[in-house]
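# Need a 3D model of the following:
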Amino acid sequence: MLVGRVFLACALFGSSAIGQVFTVDAGGSGDFLTVQEAVDAAKGGETILVKPGSYPILGNVITVTGISVVLLADGGPVQIPPLSISEVPASSRVVVQGFSFGDPLLPAVPAVSLANNAGSIWIEDCTGMGAAGTTGFACLPGTDGMAGVKAEDCDALNLVNCQFRGGNGADFTVTPGGDGLVAVGSLVAVYGSLLEGGDGGQFQDVCGGALLGDGGAGIRTQNSQVFLGGSQSLGGEAGDGIGGDGGCVSADATLQYFDTGFVAGAGGVDLRSMGATEEFLGLARQLSIDSPVREQEAATLRFQGAVGDRVLLFATLAARQTPWPKTSGWLLLSFPLAPRVFTGMVSDPSGTLDIPATIPLLLEPADGSLVFYTQAFFSDASGLTLSNPCGLVVLDESD
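Reported below is the predicted structural model:
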């Protein structure tokens, strides 16, 4: 089958897989009981498969520092503690797929924290909500709701098909809600995602007066370059107070967007910009595939568009952000691209084009995994446009 052969050519053309495969199973049938134990055992290049189960959330944060790792939910969505990724060097990458990040209550942290990463960070099919604000006591002030995702000094953060929400502000002491995404000094590409600010805290006194915290912004940028494609950015609510902005762009930031809606909470601004913003024209198209997949298993790439769309699909073994305004998006595939995976046209009235593949034998038994990044160019009445990307993780047939 053409698609499978091209994946094989891409694997031979690119770098080989490295590292071991670790299995995390709370029931005791894996290599480790918790994700942090597996991360601590990793030396770089490992693939960590997390089986469905009950993993302790309260008081826990998973910390990945300075290594390459592929972190996968295997067998369905898995809820795990918040994730912190830092100090990943330029030669490394972190891939995260299929998780829901739970609120640990304390410490008060974002669902995903990223700091000082020169390497590629790819987060796909994940959901999370920042920690809720905490009520103050005596001389201790309350805390704000935390961001869904906070990225500081990250050179290549990619969010694909994700939903992140800021935590709600604390009631009684009345603190603001957290932002859906905060980007500081970072390059960020967001495709097919929902970003939502948390609601502000509220307090109703005995005399009927109300105190209302501000809602969080859907996205807040500072000294960053950000792209949103086929996404939604929603501000949090604050009753009769000030709702969160749909998007807030500082004077030293750049925001490009395509087929993306910015909606403020009541009293906020849909898109508050003191920096440079640019809207690309056209309608987004969605590309998806179930991941991970074992060798010899069938996989289906699905392009969701419109009848008449001409589709040209590419794959590569590395991610790289390349702003490409002429195609209304950012190409997230590294050059050189492997030979095209597929060329075709959408003819089904539903706008769906399914591209089947059987994954060939690509890995040696001791290999960890191969990660393919795919993205399509499509042409319609408005010209040539980029779809959202998606990642396919291929595992050895024995894993």
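# all contacts plus neighbour counts: C-alpha atoms, from now on.
Will do.
# what's the domain layout of the protein?
82-280, 286-395 (automatic domain parsing).
# Okay, now the last one: how far is its last residue from its first?
Which is domain 286-395. 24 Å (CA to CA, to the nearest Å).
# That domain - what's its average pLDDT?
Domain 286-395 carries an average pLDDT of 86.
# What of the longest one?
Mean pLDDT, taken over the full extent of domain 82-280, equals 90.
# picking that back up, just checking, which of the domains of the chain sits deepest inside the structure?
The highest average neighbour count among those, using mean count of other CA atoms under 10 Å, belongs to domain 82-280 at a mean of 24.
# What is the distance between it and the centre of its chain?
13 Å (CA atoms, centre = their mean, to the nearest Å).
# related to what we said a few turns ago, redo the domains of the chain as TSV? Include distance to Gln20.
As requested, these are exported to TSV (distance: least, CA to CA, whole Å):
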stretch	distance to Gln20
domain 82-280	15
domain 286-395	5
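# what about the residue nearest to the spatial centre of the chain, is that helix, strand or coil?
Nearest to the mean C-alpha position of the chain, counting by CA atoms, centre = their mean, stands Leu159 at 2.7 Å. Assigned with DSSP: H, G, I helix; E, B strand; the rest coil, Leu159 falls in the strand class.
# Ok, Ala147 next?
coil.
# ok, it to Asp309 distance?
Ala147 is 38 Å from Asp309, by CA to CA.
# Then Gly169?
45 Å.
# Check Met146 too.
41 Å.
# My read is that Leu395 contacts Glu297, right?
No. Look at Leu395 against Glu297 with CA atoms under 8 Å: they stay out of range, at 10.1 Å.
# contacting residues around the residue nearest to the centre of the chain?
122-124, 188-191, 193 (CA atoms under 8 Å, 6 or more residues apart in numbering).
# Provide the partner residues of it in its beta bridges.
Ile123, Val190 (DSSP bridges).
# cool, and the one 4 residues further on?
On the basis of DSSP bridges, Gln163 takes part in beta bridges with Thr127, Leu194.
# list the contacts for it?
125-128, 193-195.
# Need those in a markdown table (columns: distance to Leu386).
As requested, the contacts of Gln163 are exported to a markdown table (distance: CA to CA, whole Å):
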| residue | distance to Leu386 |
| --- | --- |
| Asp125 | 19 |
| Cys126 | 22 |
| Thr127 | 24 |
| Gly128 | 27 |
| Ser193 | 16 |
| Leu194 | 19 |
| Leu195 | 21 |
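# which one of these sits closest to Gly275?
Using CA to CA, Leu195 is the member of the contacts of Gln163 that sits closest to Gly275, with 19.9 Å.
# Any figure for the gap between the closest one and Ala319?
Leu195 is 22 Å from Ala319, by CA to CA.
# what do you get for Gln375?
11 Å.
# Likewise for Ser387?
15 Å.
# how about the strands in the stretch 101-250 of the chain?
112-124, 127-129, 149-160, 163-165, 181-184, 187-191, 194-196, 202-204, 210-212, 219-222, 225-229, 232-234, 247-249 (DSSP state E, counting those that start in this stretch).
# possible to save those strands as CSV with distance to Leu49?
As requested, these are arranged in CSV below (distance: least, CA to CA, whole Å):
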stretch, distance to Leu49
strand 112-124, 15
strand 127-129, 18
strand 149-160, 19
strand 163-165, 21
strand 181-184, 26
strand 187-191, 24
strand 194-196, 26
strand 202-204, 41
strand 210-212, 43
strand 219-222, 31
strand 225-229, 29
strand 232-234, 30
strand 247-249, 35
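# Is Val346 in contact with Phe378, as I believe?
No. The criterion here is CA under 8 Å, and Val346 misses it with Phe378 at 10.0 Å.
# Now the common contact residues for these two.
Common neighbours of Val346 and Phe378 (CA under 8 Å, 6+ apart) are 309-311.
# and those residues, which of them are in strands?
310-311 (DSSP state E).
# which residues do Gln375 and Ala319 both contact?
332-333.
# now Gly261, nearest residue through space, not along the chain?
Of all residues not flanking Gly261 in the chain, Gln232 sits nearest, at 4.9 Å (CA to CA, 6 or more residues apart in numbering).
# which residues sit in contact with that neighbour?
193-195, 260-263.
# Of the residues you listed, which is the nearest to Ala73?
Ser193 (18.7 Å).
# Check whether the closest one really touches Gly180, as I assumed.
No. Contact criterion CA under 8 Å: Ser193 and Gly180 do not qualify, at 10.8 Å.
# Need phi/psi at the closest residue to Gly213 other than its chain neighbours.
Residue nearest to Gly213 in three dimensions, not counting chain neighbours: Gly200, with 4.1 Å by CA to CA, 6+ apart. Backbone torsions of Gly200, given as degrees, to the nearest 10, read phi -70, psi 150.
# same deal with Lys326?
Per degrees, to the nearest 10, the backbone of Lys326 is at phi -70, psi -20.
# measure it to Thr385 for me?
From Lys326 to Thr385 the distance is 8 Å (CA to CA).
# Surely Val160 and Leu195 touch.
No. With contact defined as CA under 8 Å, Val160 and Leu195 do not form a contacting pair (11.5 Å).
# With adjacent residues omitted, what lies nearest to Gly308?
Closest to Gly308 by CA to CA, 6+ apart is Val346, at 5.3 Å.
# Many thanks, have a good one.
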